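In: Let's see this in three dimensions:
(chains A and B)
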There are 2 protein chains.
Amino acid sequence: MVTDKTQGARRRGRRPGGADTREALVNAAREVFIEQGYDGATVRAIAAKAGVDAAMVNHWFGGKEGLFGEAVLKLPFNPKEMVEDLLAADPDHIGEAVVRRFLTTWDSTGGGVFTALMRSVTSHEEAGMMLKDFFFKHIFKHVIHKLAPDNYDLRATLVATQLVGMGMIRYVARFEPLASTDIDTMSAAIAPTIQRYISGKVD
Amino acid sequence: MVTDKTQGARRRGRRPGGADTREALVNAAREVFIEQGYDGATVRAIAAKAGVDAAMVNHWFGGKEGLFGEAVLKLPFNPKEMVEDLLAADPDHIGEAVVRRFLTTWDSTGGGVFTALMRSVTSHEEAGMMLKDFFFKHIFKHVIHKLAPDNYDLRATLVATQLVGMGMIRYVARFEPLASTDIDTMSAAIAPTIQRYISGKVD
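Out: Model prediction:
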């Protein structure tokens, strides 16, 4: 929604850095990501299509991954900020940090967004295909490459099995009691699994 | 498809116990389960609709759950046999038995059936709703009630998170390397998780 036109363009005919710039970037990004895929789409091309300066992508979304997360995946969090938070956590409690972050993020959306994401994956839609590359390259790998002793890729996909499954059962299939279990209990049960997949023995 | 009409009905006008009986039961079951839900549908009602003796349900499917698995979920295994196999496994290696059974079953179908199941869950179709009740009551609970020290329902749903997630990543999203990892490696990585969820410390 365009609500702020008061700033006016600053130079070279760019749109202002306000809410309309943000909205233009989201709309342009959706088109460019669908056309070019995640890797093929450049910040420069998206900004050009939106008619704004490329620096606005960093300003509003923290980079290409944040723009993708919001424009295409409609994620309820900024992926770059999430990675930074996880990298700042105590490595001996990274499993707990991941589980708590996952649940607080998705619980707050009521699970509808997670269900939509999974539906796109099971339907093999374009967004679903991009989702895989995106999470793998821009969330799991950053965290796991820093903490894992070896087997980075296997570890990343093992973490994915437990997180996707937790979301499927809690938000999509809604099996009780897990769908209503409080975050402390969920963390006590599942954090040791994530901890082992990231930094423990997996083979 | 009705292919065998040579046997003729045996008594009280029932159809013969051959392939056409089996097919008639599958077709009748699909209708009755959709109309009545899993719990509401009776073997007697399904057999009556199929025009066969209720004993044929046990003969061909080992009971209501096997008929449901084949007629509605189109599972590539008989759930009653699977539960029996798992209950016969060494309790100290039940995690490994579950992971190996899951992977050998679904790997052999190429994952298409699992994808279809997950699509029905994410789309909230009738079959998806019944899938939840079915797996929970007729597979997880039998195994977990025998082996778990406490917290049966939480444990069952924890197992579900890891199995559903493993299937989502291996068969639906197909994240590498996990999608192609051999069963021994998968079991070494994931069996300890299932073992703990069934009989270890979860809170």
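
In: Find the helix or strand that the residue of chain A found nearest chain B is a member of.
Out: Relative to chain B, the nearest point of chain A is A:G165 (2.2 Å; C-beta to the nearest C-beta). The way it works is simple: take the backbone N, C-alpha and C, and place the C-beta from them, glycine included. Following DSSP states H and E, one finds A:G165 within helix A:152-167.

In: buried set for that helix?
Out: Within helix A:152-167, the residues scored as buried using 16 or more other C-beta atoms under 10 Å in any protein chain shown are A:152-167.

In: What is it packed up against?
Out: Judged by 3 or more C-beta pairs under 8 Å, 6 or more residues apart in numbering or on different chains; DSSP states H and E, helix A:152-167 is in contact with helix A:94-107, helix A:112-122, helix A:141-147, helix A:183-199, helix B:152-167, helix B:183-199.

In: quick one on the thing from earlier: out of the buried residues of helix A:152-167, name the two that are farthest from one another.
Out: A:Y152 and A:G167 (22.5 Å; C-beta to C-beta).

In: Quick one: find the helix or strand in chain A with the lowest mean pLDDT.
Out: Least confident helix or strand of chain A, by mean pLDDT, DSSP states H and E, is helix A:126-135 with a mean of 71.

In: where in chain A is pLDDT low?
Out: Applying pLDDT under 70 to chain A flags the ranges A:1-17, A:124-129.

In: now the most centrally placed residue in it: how far from B:Q195?
Out: Centroid-nearest residue in chain A: A:P79, 4.2 Å away (criterion: C-alpha atoms, centre = their mean). To B:Q195, A:P79 is 33 Å away according to C-beta to C-beta, to the nearest Å.

In: what's the answer for A:E84, then?
Out: From A:E84 across to B:Q195, the span is 34 Å (C-beta to C-beta).

In: With neighbour numbers in mind, choose between those two.
Out: Higher neighbour count among A:E84 and B:Q195: B:Q195, with 20 against 12, using other C-beta atoms under 10 Å in any protein chain shown.

In: distance of the residue nearest to the more buried one when sequence neighbours are not counted from B:L163?
Out: Leaving aside its sequence neighbours, B:Q195 sits nearest to B:G95 (C-beta to C-beta, 6 or more residues apart in numbering or on different chains; 3.0 Å). From B:G95 across to B:L163, the span is 11 Å (C-beta to C-beta).

In: what's the overlap in contacts for the two?
Out: The contact sets of B:G95 and B:L163 overlap at B:I194 (C-beta atoms under 8 Å, 6 or more residues apart in numbering or on different chains).

In: Is chain B within reach of the longest helix along chain A?
Out: Longest helix of chain A, by residue count under DSSP state H: helix A:19-40. No - Helix A:19-40 does not reach chain B (C-beta under 8 Å from any C-beta of the partner chain); its nearest approach is 14.8 Å.

In: after that helix comes which helix or strand?
Out: Where DSSP H and E defines the elements, the next helix or strand beyond helix A:19-40 is helix A:43-50.

In: Return the angle between stretch directions for that following helix and helix A:19-40.
Out: Calculated by axes from the mean of the first three to the mean of the last three C-alpha atoms, to 10 degrees, helix A:43-50 forms an angle of 140 degrees with helix A:19-40.

In: Which neighbouring elements make contact with helix A:43-50?
Out: If contacts are counted by 3+ C-beta pairs under 8 Å, 6+ apart, helix A:43-50 sits against helix A:19-40, helix A:55-61, helix A:64-71.

In: now, of those helices, which is deepest in the fold?
Out: Comparing these by mean neighbour count (mean count of other C-beta atoms under 10 Å in any protein chain shown), helix A:64-71 ranks first with a mean of 23.

In: Taking helix A:43-50 as reference, get the angle to it.
Out: Using the same axes, to 10 degrees, helix A:64-71 lies at 40 degrees relative to helix A:43-50.

In: In PDB, list the C-alpha atoms belonging to helix A:64-71.
Out: Only the C-alpha atoms of helix A:64-71 are listed here, as PDB (Å, rounded to 0.1, in the frame of the first residue of the first chain):
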ATOM      1  CA  LYS A  64      18.500  -9.900  -2.000                       C
ATOM      2  CA  GLU A  65      17.600 -12.800   0.300                       C
ATOM      3  CA  GLY A  66      15.400 -10.600   2.400                       C
ATOM      4  CA  LEU A  67      13.600  -9.200  -0.600                       C
ATOM      5  CA  PHE A  68      13.100 -12.700  -1.900                       C
ATOM      6  CA  GLY A  69      11.800 -13.900   1.500                       C
ATOM      7  CA  GLU A  70       9.200 -11.100   1.600                       C
ATOM      8  CA  ALA A  71       8.300 -10.800  -2.100                       C
END
